[in-house]
Every structure is written in C-alpha cells, then in structure tokens.
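Engineer: Give me a 3D structure for the following:
(2 chains)
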Amino acid sequence: QKEVEQNSGPLSVPEGAIASLNCTYSDRGSQSFFWYRQYSGKSPELIMSIYSNGDKEDGRFTAQLNKASQYVSLLIRDSQPSDSATYLCAVGEDMRFGAGTRLTVKP
Amino acid sequence: DAGITQSPRHKVTETGTPVTLRCHQTENHRYMYWYRQDPGHGLRLIHYSYGVKDTDKGEVSDGYSVSRSKTEDFLLTLESATSSQTSVYFCATQGASNQPQHFGDGTRLSIL
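Structural biologist: Numbering: from 1, shown residues only, chains lettered A, B, ... in the order given. The predicted model follows:
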C-alpha cells in the first residue's frame, strides 16, 4: 500500500510567522509532488508542484523535497490569516493524497 | 483554471434512488477523476478515466459506476443511493500523468 502521511493538525501559528507543513510518503519511485490548499467548503487548489530534490520558491511559499528521506514540506513565510486552510499533499503519477493538515493563522 | 463544471452543485435525494453527477471540462484533458471527501478521510478516489471509454476503479468504487463517452464529460452514477454515500464529490482533470490535477467546485450530495 502506497502511503502519504501528514499531521492532521491543527497547526496554529501567529500572523507573520513561518508555517511549516510536512508530508512523508512510502513509494520511493515517486517523481512528482504537489501541494494543494483547500478552504472550508471549497475545492482544492494547486499551490506548488515540485519534481526535483531541493527547494522551489513561489512568493511566500517554498516547497522542499528530499527523495532520499521521502519527505516533502511546504513553508509559508509571513503567514497571514487568509492562509488559514487545510493543506493537502499529493504524491506520484497516481496522485495519492494525504489526509491534509489544518492550518490556523492567528492575527 | 481547467474549466471544470460539476452539476448539480447540491442534491438531496432518498435512499434507493439512482443519482448521476456530471463533470464537464473544456481543456481537452485526457485524465479525469472522481473523488469523495468526508471528514477524517481526506480525498478518496472512486473511479478514474484515462480516455474515452477507458475507466478504472479507485479505492472506494463499490456502489458507483462511471462512463466517459466524450473527452469532455465524465459521469458518476450511484445506481441505488445509500446514506453512506452522503458526501462531497469532486471531479478533477489532468492533462498528462506527471502534471497536477485541477478540481471542479464539487457536488454536495445528501441521501436521506
């Protein structure tokens, strides 16, 4: 069984802090990794795609991939209350989703 | 986004009735997916399609069937709805196998 694990949270950070979200996966052959954000009552929306080891930055978001350790993380810098949502990690060509981590950013 | 329309957006029906949900896309994406999302379970794959008339089962396919007669349409059918199928259903499309999926707005289905 190919597994994707995320801490369910909730993760609470103060406004302006860095939020760190982690995802581990079991399938060593996975080559594609995605982070989605889902607001309550809405559909998942893509934030980041990452395919190579290392960091990928897009605005306040940084995805970090370490294939040897089988984890992918998402850092949100200068967190805002509008970042409060559930963040879903998806792994591999068959897009296996983790259960998501609920993030709350407190003003 | 990928131009994905799900219909209906909300539906309430009774146990034992048939229900069909529709997903329509305008991006000519090859792959289409149906998920259900329930509290505590995240997104669970019901069925997927990798082309016209080519479909396969996901992890929670029991009680569901799908059809894809055109690239742009992917239908999910509950032949005889049960209360356990009350959920939010999302359709997603994908252009190529290593590309991200894009989601429709979802259908909230309640079965009484």
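Engineer: which residues are in contact with the longest strand seen in chain B?
Structural biologist: Assignment by DSSP state E gives strand B:42-51 as the longest strand of chain B. With contacts defined as C-beta atoms under 8 Å, 6 or more residues apart in numbering or on different chains, strand B:42-51 is touched by A:44, A:88, A:97-100, B:30-38, B:55-61, B:64-66, B:68, B:71, B:74, B:76, B:89-90. Yep, even glycine has a C-beta here, placed from its N, CA and C like the rest.
Engineer: filter those to the buried ones?
Structural biologist: Among these, those classed as buried by neighbour count (16 or more other C-beta atoms under 10 Å in any protein chain shown) are A:44, A:88, A:97-100, B:30-37, B:55, B:58, B:60-61, B:64, B:66, B:68, B:71, B:74, B:76, B:89-90.
Engineer: Select from those every entry located in helices.
Structural biologist: Using DSSP state H, the subset of those located in helices is empty.
Engineer: Which ones among these lie within strands?
Structural biologist: Short answer: the buried ones among the contacts of strand B:42-51 in strands (DSSP E) are A:88, A:97, B:31-37, B:55, B:64, B:66, B:68, B:74, B:76, B:89-90.
Engineer: Quick one: check the helix or strand of chain A with the lowest mean pLDDT for contact with chain B.
Structural biologist: The weakest-scoring helix or strand in chain A, judged by mean pLDDT, DSSP states H and E, is strand A:96-97 (a mean of 91). Yes - residues of strand A:96-97 contacting chain B under C-beta under 8 Å from any C-beta of the partner chain: residue A:97.
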